[in-house]
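**Student:** Give the three-dimensional model of this entry:
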Amino acid sequence: MSAQTSRLCPCGSGLRPERCCALQQNAISPAEATRHLIPVVERAIQAYQQGAKEVAERLCLDVLELAPDRPGALSVLYSIRKEQGKAAAAEALIRRIVRFEPNNFDATNELALRLLGKGALDEAEIHARNAIRIAPQAPQAHNLMGMIMTEAQRPRLGEYHYRQLLAISGTRDPIVLANLAWCLKSQGRMEEARALYEESTAAAPDIRQTLLGWARLEEADRNFKAAGDKLDRLDALFPNDPGSILTRAVLLGRMKRHDEALALLDRKIPVAEDARTSAPADSEQPVMASAPIGLGPTELSEKGRLLDQLDRHDEAWAAFTEAKRIAREASGNVYLDRLANDVVTRSRRFFVAGRLALLPRAGVRTDVPQPIFVLGFPRSGTTLVEQTLSAHPLISAGDELPLINDITNIMPRMLNSPLTYPEALAELWMGDQRDGLDNLRDYYLQKVAQMGIAEPRVSWFTDKMPLNETHLGLIALLFPASPLVHVIRHPLDVMVSALSNHFTHGYFCATSLETAATHYVRVMDLVMHYRAEMALRYLPIRYDDMVTNQVETVRAILDFVGVRFDKRCLNFHENRRYARTASYAQVTEPLYERSLNRYRHYLRHLEPVIPILRPTIERLGYTVD
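**Tutor:** Below is the predicted model of the structure:
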């Protein structure tokens, strides 16, 4: 190996660091000085097209060592790294193409797709939006935007882009119809979604993802036999499909057939024929579970939850822990500790009584429904409270709205400030920005109207974006009359749920137990700070009380909101609305006490975080026993 190639960039691109990830924006080579490389790039492209990939790779590396901005060489090398499965290297290369050619539609769209695949939705959205700016009539750009918006829990916007795609293409592509169906399912519009799945499968009956999505819709809509029928059809076409196996395990779990569900994931014992819905329960011909498959993080987490239901807690914890490990390695996501600490620290410094006394408050709109903010750490019981509230005829469910976070990003521009949030709020002291909060409030309400959240004749809608309490001070400035319902649950119970589920809220804090505990304490301390420094229309509600003293707790919440008591709120599990969270299945069942003090089964495993959490546990009035 030559001295020139002995030190390569760790991303795996094959280039030296100074020519790869550390490359500066002004390092683009002058076109005249590198014109002699054009034939080399053409040879690399030809070699790649002819299957001589080693030759193409060598030629590309030679070119890029001299001219790191050559799009042709970058594109060929990107394709090679992608085929080799070198994700980090491929991403580094596609980023370079987009940087050097910001109007390159194909590269921009490809980067957005890669970011979507790894779950980096915020950054994926940035590039997907740019792809549409570059080519507003490109169907694939609208399709990608539809996928990203649906995954980011903004399905109304996703629906818009899917319908734009259909209008632009002028065809009823079955895959697009299936994508739109999943988007409508995410909005709880089950009948419309079902009709689209029927149309899609009529045109293309053998598409795996379509059948899988349809089965998941039926499972979510509590049509368990229909879900099983779709899975039977899927299994006949794609035996041993991991997605089908997981979906059937979830289905069996919802049917309280936990042993069979676990056996399906473990692949140790046969799954009874009646689980496949194609024979009576006493069938003498059981169907064996599929051949062994590797369990990914989603499957392992589901296995852990099934083990938990069977009171096999040590095994469940092992599955949860392994799921987190695999997820970290696959995604590269870890807790953004420095960023999270910076946001919390700056909020504490800005939102203090003296400064807040000088700031205006937004006026209260009386012409449109107003938000009820259901606050709480992920897995603390916010979905239960939202389902309860949205059963009231005067309250619509808004679900997880990203709008408060969006406002923190657009605030500098709207307030014409050189500062970022929260310091940009200092612009409100300027004479020409005294109405700035009203404008930000109207931005929020306009987006809500575009999403079609507020049903006719309602007065309120819910916003239960997890960890909105991080921005409690801003919420109180924008909506001083809105109820702030904060759901509190035993912190150790929250930790068990955080470990057993995957979510990205909170700067990827849930990638490990310790970081989940660290972020929980940071947020709860920040809430205590807000409560000490400013007047809030704030009501803490214990998840325990929702379970053990439902009637009085629901009455207290409705009185706090200012609406009359309605018995339908007690039967939240009959609410046919689909909750777009990991709790969607739990909130279709009557209240049960199994989730209370669940941590006791895992106390030995929770020992590393008890010292982190103990002050908060005691301040909230809980104990560790």
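
**Student:** only C-alpha atoms for contact and neighbour calcs from this point on.
**Tutor:** Noted.

**Student:** can you give me the offset of the lowest-mean-pLDDT helix or strand in the chain from its chain's centre?
**Tutor:** In the chain, the helix or strand scored least confidently by mean pLDDT, DSSP states H and E is helix 258-266, which has a mean of 85. When distances are taken as C-alpha atoms, centre = their mean, to the nearest Å, helix 258-266 is centred 27 Å away from the chain's centroid.

**Student:** Thr470 and Leu526 touch, don't they?
**Tutor:** Yes - counting by C-alpha atoms under 8 Å, Thr470 sits close enough to Leu526 to count as a contact (6.9 Å).

**Student:** Show me which of those two is the more surrounded one.
**Tutor:** Here Thr470 and Leu526 are set side by side on neighbour count (other C-alpha atoms under 10 Å), and the busier one is Thr470, at 24 against 21.

**Student:** Check the more buried one and give its pLDDT.
**Tutor:** If you check Thr470, the pLDDT there is 96.

**Student:** check contacts around the residue lying closest to it once chain neighbours are set aside.
**Tutor:** With sequence-adjacent residues excluded and distances taken as C-alpha to C-alpha, 6 or more residues apart in numbering, Thr470 is closest to Val523, at 6.1 Å. The contact partners of Val523, by C-alpha atoms under 8 Å, 6 or more residues apart in numbering, come to 344, 467, 469-470.

**Student:** Which secondary structure element is home to Val523?
**Tutor:** With secondary structure defined by DSSP states H and E, Val523 is part of helix 513-533.

**Student:** quick one on the thing from earlier: pull up the overlap in contacts between Thr470 and Leu526.
**Tutor:** In terms of C-alpha under 8 Å, 6+ apart, Thr470 and Leu526 are both contacted by the residues Val344.

**Student:** And the least confident helix or strand of the chain, what does it pack against?
**Tutor:** For helix 258-266, the contact count by 3 or more C-alpha pairs under 8 Å, 6 or more residues apart in numbering; DSSP states H and E identifies helix 242-254, helix 297-309 as packing neighbours.

**Student:** neighbouring contacts of the following helix or strand past the last one?
**Tutor:** Spelled out, that is helix 297-309. Scanning the chain past helix 297-309 towards its C-terminal end, the next helix or strand to appear is helix 313-331 (assignment: DSSP H and E). Contacts with helix 313-331, where a contact means C-alpha under 8 Å, 6+ apart, come from 118-119, 296-298, 300-301, 303-308, 334, 499-500, 511-512, 601-602, 605.

**Student:** Kindly recompute the last result at 6 Å.
**Tutor:** Outside of helix 313-331, the residues within contact range by C-alpha atoms under 6 Å, 6 or more residues apart in numbering are 118, 297, 300-301, 304, 307-308, 500, 511.

**Student:** Report the contact partners of Val485.
**Tutor:** In this structure, Val485 makes contact with 374-375, 539-540, judged by C-alpha under 6 Å, 6+ apart.

**Student:** could you say which helix or strand contains it?
**Tutor:** strand 484-488.

**Student:** follow-up on the earlier one: so the helix holding Val523 versus helix 313-331, what angle?
**Tutor:** With axes from the mean of the first three to the mean of the last three C-alpha atoms, to 10 degrees defining the directions, helix 513-533 sits at 90 degrees from helix 313-331.

**Student:** now helix 513-533 against strand 484-488, angle please.
**Tutor:** For the pair helix 513-533 and strand 484-488, the angle between their directions (the same axes, to 10 degrees) equals 140 degrees.

**Student:** Quick one: list the elements packing against the next helix-or-strand element following helix 513-533.
**Tutor:** Remark: after helix 513-533, the chain's next helix or strand is strand 538-542, criterion DSSP H and E. Contact partners of strand 538-542 among helices and strands, from 3 or more C-alpha pairs under 6 Å, 6 or more residues apart in numbering; DSSP states H and E: strand 484-488.

**Student:** partners of the strand it packs on in the sheet?
**Tutor:** Taking DSSP bridges as the criterion, strand 484-488 forms sheet pairs with strand 370-375 (parallel), strand 538-542 (parallel).

**Student:** Which is the succeeding secondary structure element to the longest one?
**Tutor:** Put plainly, it is strand 370-375. From strand 370-375 onward toward the C-terminus, using DSSP H and E, the following helix or strand is helix 382-390.

**Student:** Ok, the shortest one next?
**Tutor:** Where DSSP H and E defines the elements, the next helix or strand beyond strand 538-542 is helix 543-548.

**Student:** Next, count neighbours for the residue lying closest to Glu533 once chain neighbours are set aside.
**Tutor:** In space, not counting the residues next to it along the chain, Glu533 is nearest to Ala353; the distance is 4.8 Å by C-alpha to C-alpha, 6+ apart. For Ala353, the count of nearby residues is 13 (other C-alpha under 10 Å).

**Student:** who's in contact with Val176?
**Tutor:** Listed by C-alpha under 6 Å, 6+ apart, Val176 has no contact partners.

**Student:** Also Ser380?
**Tutor:** Applying C-alpha under 6 Å, 6+ apart, we find Ser380 in contact with 489, 494.

**Student:** Show me what secondary structure element comes after the helix or strand harbouring Asp493.
**Tutor:** With the criterion set as DSSP H and E, the secondary-structure element containing Asp493 is helix 491-500. Going down the chain from helix 491-500, the next helix or strand is helix 505-508, by DSSP H and E.

**Student:** List of residues touching that next one?
**Tutor:** Taking C-alpha under 6 Å, 6+ apart as the rule, helix 505-508 contacts 334-336.

**Student:** Give the buried residues for that helix.
**Tutor:** The neighbour-count check on helix 505-508 (16 or more other C-alpha atoms under 10 Å) flags 506-508 as buried.

**Student:** Adding distance to Ala90 and pLDDT, write those residues out as CSV.
**Tutor:** Written out in CSV, the entries for the buried residues of helix 505-508 read as follows (distance: C-alpha to C-alpha, whole Å; pLDDT from 0 to 100):
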residue, distance to Ala90, pLDDT
Gly506, 28, 91
Tyr507, 24, 91
Phe508, 23, 92
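
**Student:** Buried ones among the contacts of helix 505-508?
**Tutor:** By 16+ other C-alpha under 10 Å, the contacts of helix 505-508 give 334-335 as buried.

**Student:** Pick out the lowest-pLDDT one from the contacts of helix 505-508.
**Tutor:** Lowest pLDDT among these: Val334, with 91.

**Student:** Assign it to helix, strand or coil.
**Tutor:** Reducing the assignment to helix, strand or coil with DSSP: H, G, I helix; E, B strand; the rest coil, the entry for Val334 is coil.
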